[in-house]
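K.L.:
Quick one, structure for this:
(one chain, ligands or ions: 1)
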Amino acid sequence: MSARRVLLAEPRGFCAGVESAIKSLAWMAVLHRPPVFCVHAVVHNEHVVERFERLGVRFVSHPDEAPLAAPVLLSAHGSAPEVVTAAKRRASVVVDAVCPLVTKVHHEIRTRAAAGGAVLYVGHPGHDEAVGALRQAPGLAVRVESADEVATVVVPDGEPVAVLAQTTLAVDTWQGVVAAARDRFGDVWLPPRADLCFATTNRQSAVRRLAARCDAIVVVGSPTSSNTRALADTARAAGCPRVVRVSGPEELPDADLGVVGVTAGASTPDRVVAGVVDALGPAAVDVVRAVHEDEYFPLARPVRQRLGRLDAAGELPPVLQDAFVHDRTTTADDLLTRIEDGRLVGALDPRPARSPAVRT
Ligand code: SF4
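P.N.:
You can find the predicted model right below:
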């Protein structure tokens, strides 16, 4: 695919929750000798996962797959309580990198279920976030994915119904389910502050702005990324005649499409988006901004505390001390690049380095 002109959505790509989770795992790779273990993809993007694998991080689907006493990070999507317990039982260090906005939904599910009502959770089957959320109230929270499913879902008779959601849905999907739930159950309980997070709604607002101005829209992101899929759905619903989702430039179709809008899911690195724009080869690139996004989530607390102690003791190398002190303005990509360039994996592990095996 080539483009006469590219309109680049703003905001796009990494959100505050993804930045925080990636940086927390990057610091884990410095604080511990490899392998560090991560339960599930830290975020749903194969480029991010491959980059961490090159730093010696191993990805597993359950803490029991990591050796005893290994350092373990739990992904940004949030984990079932029994997964957190298993990690704490087994690991030397557990860092839960769950996004605080996912934690908010977990709290709502537990609270509504404890209050005795039915919980209707809108989410994708098998998605890590939905799996972790439903396990907050096993047997009490039931999942639907679409407005059509509301007609047949089984909930206890006469119970008040709360409708909660995966944070990364398409706004249209969410509104459709809420309307269907009101039709069927009457007065449903909704969270005072929406479950769809700011990153999801901001990126969808930006892609809606692109839709009327573009011949085609390219959404950059993994097929496993819920918010990437929601961006493509939103672009189609907004009337864009051609919408293509690609993981990277190599997946661009071979066609000339005039004015092309480009956006990216919240787990897509900006360097992959830049590669897509380069491959499109436009004569001009213009940014179309829907909203200014400057949310910041700090590093996961155990990582922050450990680094704080090392900083106070003067034990951080300058290049890392600068990244820690200026964490708010240090991007995940920048931190990973510093670690890679300085060969700093395991650099802060206090255990003596193992001697290389000597063969005679
Ligand atoms: Fe958090 Fe939303 Fe980003 Fe998910 S998409 S990590 S919920 S801010």
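
K.L.:
which bits of the stretch 151-300 of the chain sit near the ligand?
P.N.:
Taking C-beta under 6 Å from any ligand atom as the contact definition, the stretch 151-300 of the chain meets the ligand at 167-168, 197, 199-200, 227, 266. C-beta coordinates here come from the backbone N, C-alpha and C atoms, glycine included.

K.L.:
any idea which of those is closest to residue 258?
P.N.:
If you rank those by distance to residue 258 using C-beta to C-beta, residue 227 comes first, at 26.5 Å.

K.L.:
from memory the closest one sits against residue 201, does it?
P.N.:
No - shown here, residue 227 and residue 201 do not form a contact pair, counting by C-beta atoms under 8 Å, at 10.1 Å.

K.L.:
so where do the helices sit in the stretch 1-150 of the chain?
P.N.:
Secondary structure of the stretch 1-150 of the chain (DSSP state H, counting those that start in this stretch): helices at 16-31, 46-54, 81-90, 100-114, 128-134, 147-150.

K.L.:
do the stretch 201-350 of the chain as well
P.N.:
Counting by DSSP H, counting those that start in this stretch, the stretch 201-350 of the chain has helices at residues 226-237, 270-280, 301-312, 318-325, 332-342.

K.L.:
so which of those is the most packed in?
P.N.:
Of these, the one with the most neighbours on average (mean count of other C-beta atoms under 10 Å) is helix 226-237, at a mean of 24.

K.L.:
and the residue of the chain found nearest the ligand, how many neighbours does it have?
P.N.:
Nearest residue of the chain to the ligand: residue 17, at 2.5 Å (C-beta to the nearest ligand atom). Neighbour count of residue 17, defined by other C-beta atoms under 10 Å: 25.

K.L.:
can you check the one 3 residues further on too?
P.N.:
By other C-beta under 10 Å, the residues close to residue 20 number 25.

K.L.:
List the contacts of the closest residue to it other than its chain neighbours.
P.N.:
Spatial nearest neighbour of residue 20, excluding adjacent residues (C-beta to C-beta, 6 or more residues apart in numbering): residue 297 at 4.1 Å. Shown in contact with residue 297 (C-beta atoms under 8 Å, 6 or more residues apart in numbering): 16-17, 19-20, 99-100.

K.L.:
For those residues, which two are the farthest from each other?
P.N.:
Comparing every pair within the contacts of residue 297 by C-beta to C-beta identifies 19 and 100 as the most remote, at 12.6 Å.

K.L.:
Tell me which of the two has more neighbours.
P.N.:
Per other C-beta under 10 Å, whichever of residue 19 and residue 100 has more neighbours is residue 19, with 25 against 12.

K.L.:
In contact with that one, which residues?
P.N.:
Here residue 19 is in contact with 296-297, 331-332 (criterion: C-beta under 8 Å, 6+ apart).

K.L.:
Next one: it from residue 295, what distance?
P.N.:
9 Å (C-beta to C-beta, to the nearest Å).

K.L.:
Please apply the same query to residue 53.
P.N.:
Separation of residue 53 from residue 295 (C-beta to C-beta) stands at 28 Å.

K.L.:
One more: residue 91?
P.N.:
Taking C-beta to C-beta as the measure, residue 91 falls 29 Å from residue 295.

K.L.:
With neighbour numbers in mind, choose between those two.
P.N.:
Taking other C-beta under 10 Å, residue 91 and residue 295 do not tie; residue 91 has more neighbours (21 against 14).

K.L.:
Isn't that one up against residue 70?
P.N.:
Yes - contact criterion C-beta under 8 Å: residue 91 and residue 70 qualify, at 6.0 Å.

K.L.:
Overlap of the contact sets of these two?
P.N.:
With C-beta under 8 Å, 6+ apart as the test, residue 91 and residue 70 both reach residue 37.

K.L.:
before we move on, back to that, same list (the helices of the stretch 201-350 of the chain) but as TSV, adding mean pLDDT.
P.N.:
Listed next are the helices of the stretch 201-350 of the chain as TSV, based on pLDDT from 0 to 100:
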stretch	mean pLDDT
helix 226-237	96
helix 270-280	97
helix 301-312	98
helix 318-325	97
helix 332-342	98
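
K.L.:
burial count for the nearest residue to residue 242 once chain neighbours are set aside?
P.N.:
Distances taken as C-beta to C-beta, 6+ apart place residue 216 nearest to residue 242, at 3.9 Å, with adjacent residues excluded. Residue 216: 22 surrounding residues under other C-beta under 10 Å.

K.L.:
Please apply the same query to the one 5 residues further on.
P.N.:
Other residues near residue 221 come to 29 when the count uses other C-beta under 10 Å.

K.L.:
can you list the domains in this protein?
P.N.:
Following automatic domain parsing, one finds the domains of the chain at 5-14+198-289, 17-99+299-342, 101-185.

K.L.:
What separates the first and last residues of the longest one, distance-wise?
P.N.:
If I follow you right, that is domain 17-99+299-342. 26 Å (C-alpha to C-alpha, to the nearest Å).

K.L.:
again, but for the first one
P.N.:
Domain 5-14+198-289 stretches 16 Å from its first residue to its last (C-alpha to C-alpha).
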